[in-house]
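1. Predicted model and sequence below, questions to follow.
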Amino acid sequence: MGSYGGRRDQAERDAITVEIGYALCSALFAAAVVFGAVAGPALLFELPDTASRLLLRAGLFLAPVLFATRTISVLMRFRSGPQPSQPGRTNPDS
């Protein structure tokens with residue numbers, strides 16, 4: 001973001017807040033969709049007890065794993081933002 005160890009300005013703090021909110025909301029949505037897709041049939045249909053239990057447990061396992069993975073991936077991508085400006089260079093590798 002700004003200077004190392006220095007204070008952040010209001011725009012940087014706002015950007016971080018928005019990014020955290022986006023990470024949490026998108027992770028919650030993705031986890032809910034996966035839980036609904038995996039455990040939904042067990043909740044909607046009359047399935048054998050073993051299949052119902054297996055689908056519910058799989059949904060309860062996959063949803064938090066996906067939530068954590070999505071949150072971390074969004075925040076890590078934000079952390080490694082654009083490169084600092086390099087006047088006079090057209091290619092970051094040059």
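-> Thanks, I have it. Values in this document were obtained by computation on a predicted structure and should not be read as measured data. Numbering: from 1, shown residues only.
2. gap between the helix or strand where residue 63 lies and the chain center?
-> Following DSSP states H and E, one finds residue 63 within helix 49-79. Here the centre of helix 49-79 is set off from its chain's centre by 11 Å, with Cα atoms, centre = their mean, to the nearest Å.
3. For it, give the mean pLDDT please.
-> Rounded to a whole number, the mean pLDDT of helix 49-79 is 93.
4. what comes up buried for it?
-> Of the residues in helix 49-79, those buried by neighbour count under the rule 16 or more other Cβ atoms under 10 Å are 52, 55-56, 59, 62-63, 66-67, 70-71, 74-75, 78. For the C-beta atoms, the positions are set from N, CA and C on the backbone; glycine is no exception.
5. Just put these in CSV and tack on distance to residue 13.
-> Conversion of those to CSV gives the following (distance: Cβ to Cβ, whole Å):
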residue, distance to residue 13
52, 47
55, 43
56, 41
59, 36
62, 34
63, 31
66, 28
67, 25
70, 23
71, 19
74, 18
75, 15
78, 13
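6. Now do the helix or strand containing residue 15, average pLDDT.
-> Mapping residue 15 onto the secondary structure by DSSP H and E places it in helix 10-44. Mean pLDDT, computed over helix 10-44, is 93.
7. that older thread, which strands and helices lie in contact with the helix holding residue 63?
-> Using 3 or more Cβ pairs under 8 Å, 6 or more residues apart in numbering; DSSP states H and E as the contact criterion, the elements in contact with helix 49-79 are helix 10-44.
8. got the angle between the helix it packs on and helix 49-79?
-> Orientation check (axes from the mean of the first three to the mean of the last three Cα atoms, to 10 degrees): helix 10-44 against helix 49-79 gives 170 degrees.
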